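**Student:** Provided below are the primary sequence and the corresponding predicted coordinates.
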Amino acid sequence: MNTAIARYAGHLRTEVTHVASGTIIQTDAPTDNHGRGEAFSPTDLVSTALGSCIMTVMGIVAERHQLNLVDSTFAVVKHMSTEAPRRIAQIDVLFELPAALAPSERALLERAAHTCPVSLSLHPDIKQNVVFEYR
């Protein structure tokens, strides 16, 4: 079964439908690569997938250990290479997690974060800078 189906909408945009849920994501080329930048670019999605995957894996561990991560956040910064070929060179992900987590709980979540399938699937040349702050 397909995971997603997509159609090219013209003007450097795609419309992608998640088959199981019917959720639709639109993409647009970034302004620095001939697009309008009015939606996630494909490389934005890759970068954001890293943060979402890490948060999901930590969420699985948190639920297993009855830890509350609700309202935790993350921010992503994508850095593109400056030389050809155009590619993602670095992804920075900053997580803000509850200050109430004990040191042992923090260590448990941070270990789990490094088992994220997206992280393990990215090319090793892509630098992943993952930071955890507790507020």
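**Tutor:** Right, received. Where do you want to start? Numbers count the residues shown, from 1 in each chain.
**Student:** elements contacting the top helix by length along the chain?
**Tutor:** Counting residues, the longest helix in the chain under DSSP state H turns out to be helix 42-64. When contacts are defined as 3 or more CB pairs under 8 Å, 6 or more residues apart in numbering; DSSP states H and E, helix 42-64 packs onto strand 24-28, strand 73-80, strand 88-97, helix 103-113, helix 117-121. C-betas here are computed from N, CA, C, even on glycine.
**Student:** To residue 64, which of those lies closest?
**Tutor:** Residue 64 lies closest to helix 103-113 among the helices and strands packed on helix 42-64, at 9.5 Å (CB to CB).
**Student:** Can you check the distance spanned by stretch 3-21, start to finish?
**Tutor:** Terminal residues of stretch 3-21 lie 10 Å apart, using CA to CA, to the nearest Å.
**Student:** for that stretch, which positions count as buried?
**Tutor:** Within stretch 3-21, the residues that count as buried by 16 or more other CB atoms under 10 Å are 13-14, 16.
**Student:** From the chain's centroid, how far away is it?
**Tutor:** In this view, stretch 3-21 has its centroid 19 Å away from the chain centroid, taken as CA atoms, centre = their mean, to the nearest Å.
**Student:** same question, stretch 74-89
**Tutor:** With CA atoms, centre = their mean as the basis, stretch 74-89 stands 13 Å off its chain's centre.
**Student:** How is this structure partitioned into domains?
**Tutor:** The record's domain parsing of the chain by automatic domain parsing lists 4-33, 42-134.
**Student:** Perfect, I'm done here.
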